[in-house]
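Undergrad: coords please:
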Amino acid sequence: MGENNTAGSEGYQGREFDEKTFEDLYRRMYPTLKKYAVYLVKDTEEAQLILNDVFISVWKNNTMLSNEKAYLFRAVKNASLNYHKSPKPGFWHLDGEDEAPEIIDLKETPDQVLQNKDRNRMLYALIDQLPERRRLIFYLYRIEGFSYKEIANLLDISIRTVEDHLVKGFQFLQQMVLKNESEFR
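TA: Take a look at the predicted model:
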């Protein structure tokens, strides 16, 4: 399989990179990385393909990871950026409305359904205006349901930093909704 390569510092020089080590890394990191990749590419199947490519690269290169979280998250982010840059021949990408089925409240009138869709669209547009790190933390907390502690461990930041990002994110959204109150009625 070639010689051992260490990504990051020299902390793993004496340790062998074998099938069991790789399998352990895969089992521990795959679920979290999958959520992150889905967040980045907005497509579950493509996210899985990206993750497979990242893990195959780690295996083929026999790469020992000194800071596995940082290395894998960066690798997934880079692969996701490449995914967005590359053309997708033979595929038509539909805008989000037709891709995911919606649960419609039967008590709502068609007019109310359209208003709610518009509100949601505006709200997601506002969330997209948040700085990248704050948007990621907001997404992990509100959409994916991660706890403050899980986010802090995942991004290698303090719980207080997670709280700060969320508070500032909510304040921004509240200000923008109040500023555009007539559109959110």
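Undergrad: Check what pLDDT the residue nearest to Ala37 when sequence neighbours are not counted gets.
TA: Distances taken as C-beta to C-beta, 6 or more residues apart in numbering put Ala47 closest to Ala37, at 3.6 Å, once the chain neighbours are dropped. Just so you know, the C-beta spots here come from the backbone N, C-alpha and C atoms, and that holds for glycine as well. The model reports Ala47 with a pLDDT of 88.
Undergrad: Repeat that for Arg160.
TA: Note for Arg160: predicted pLDDT of 93.
Undergrad: Against Arg133, how distant is it?
TA: Separation of Arg160 from Arg133 (C-beta to C-beta, to the nearest Å): 15 Å.
Undergrad: With Leu178 instead?
TA: Taking C-beta to C-beta, one finds Leu178 at 24 Å from Arg133.
Undergrad: So the two - more neighbours on which side?
TA: A count of neighbours by other C-beta atoms under 10 Å puts Arg133 above the other of Leu178 and Arg133, at 12 against 9.
Undergrad: Give me the nearest residue to the spatially most central residue of the chain, chain neighbours excluded.
TA: Nearest to the mean C-alpha position of the chain, by C-alpha atoms, centre = their mean, lies Tyr36 at 2.7 Å. Among residues not flanking Tyr36 along the chain, Val76 sits closest, at 5.9 Å (C-beta to C-beta, 6+ apart).
Undergrad: Count the residues that sit near Arg142.
TA: Counted with other C-beta under 10 Å, Arg142 comes out at 13.
Undergrad: can you give me phi and psi for it?
TA: Torsion angles at Arg142 (phi, psi; degrees, to the nearest 10) stand at phi -80, psi -40.
Undergrad: any idea of the pLDDT on it?
TA: Arg142 carries a pLDDT value of 82.
Undergrad: One more: Lys168?
TA: 91.
Undergrad: show me the contacts for it.
TA: Listed by C-beta atoms under 8 Å, 6 or more residues apart in numbering, the contact partners of Lys168 are Arg134.
Undergrad: how much distance is there from the lengthiest helix in the chain to the middle of the chain?
TA: Counting residues, the longest helix in the chain under DSSP state H turns out to be helix 19-41. Put simply, helix 19-41 sits 12 Å off its chain's centre (C-alpha atoms, centre = their mean, to the nearest Å).
Undergrad: Nice, that's everything, thank you.
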